[in-house]
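[1] Task: produce atomic coordinates for the following.
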Amino acid sequence: MPAKNESFLLCLLAAALILPVNIYLIGEEGLGAGLQSSFLRYQQTYLGTSVITLADDLGYVTSGIIGGRSALSILLWALGTALLLVAAGYLIYTRYNGVTGSRRPLVLLTIGGAVAYLLSCIAQYGPGLHGPAGLAIPVGVPLIVAIAVYILKAEGMDDEPEYEEEDEDDWEEAEEGE
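    Numbering: from 1, shown residues only. Now for the predicted structure:
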């Protein structure tokens, strides 16, 4: 895959880590609302405005302040972020070490991050993404899946010329052998 395309893919993965992935409302009565990205969430409630980092959330879980479904949701969200970070690291590693080949691990890591984010929303708000805990709109999940599909298609475009060249060489060798 050309370096220009890999730089674009790295920008897409960085955008997936920065842009809001989840919009949520707290409680059926509208106790608050917020935006959540990979590393932090911004929320406004009747108690005030907060910016809560993923590290803070993990600290609340490990100290026991947050438990149950909310803790599971936070752990799944952290898993999704970790998978996207590993995908970005894998892309950087393959680019700077000249590794060529399949991008399937990159696609699987990216889709795995999207699935973990979606499961996090389901763990907190239920299978319909709506329940007593509130409402979630995981707007970033389809975007992350679209990035994975783009990576898969970009791989397919780059592989086609290589196969054509190999087929031509094999055909010429077969003609010379006759």
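[2] tell me the pLDDT at Tyr163?
    Reported pLDDT at Tyr163 in the predicted model: 42.
[3] And for Glu166?
    At Glu166, pLDDT is 48.
[4] What ranges does the chain have for its strands?
    22-26, 32-36, 40-45, 48-53, 130-131, 134-137 (DSSP state E).
[5] Just confirm Leu109 contacts Ala82, I think it does.
    No - using C-beta atoms under 8 Å, Leu109 is not in contact with Ala82; the gap is 9.6 Å. Where C-beta positions appear, they are placed from N, C-alpha and C, glycine not excepted.
[6] Val115 and Leu19, how far apart?
    18 Å (C-beta to C-beta, to the nearest Å).
[7] thinking again about what came up before, Throw the strands of the chain into TSV and include mean neighbour count and distance to Leu75, thanks.
    Below are these laid out as TSV (neighbours: other C-beta atoms under 10 Å; distance: least, C-beta to C-beta, whole Å):
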stretch	mean neighbour count	distance to Leu75
strand 22-26	19	15
strand 32-36	19	14
strand 40-45	16	15
strand 48-53	11	15
strand 130-131	14	19
strand 134-137	20	16
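[8] Of Val115 and Leu19, which one has the most company?
    Neighbour count, other C-beta atoms under 10 Å: between Val115 and Leu19, Val115 has more, with 17 against 14.
[9] Leaving out the residues flanking it, which one is nearest to that one?
    Gly80 (7.7 Å; C-beta to C-beta, 6 or more residues apart in numbering).
[10] Identify the residues contacting that neighbour.
    Ser38, Gly112, Gly113, Ala114, Val115, Ala116, Tyr117, Ser120 (C-beta atoms under 8 Å, 6 or more residues apart in numbering).
[11] which of the residues you listed tops the neighbour count?
    Result: Gly113 is most packed of the contacts of Gly80 (other C-beta under 10 Å), 30 neighbours.
[12] Am I right that that residue is in contact with Ala88?
    No - counting by C-beta under 8 Å, Ala88 is not a contact partner of Gly113; they are 10.0 Å apart.
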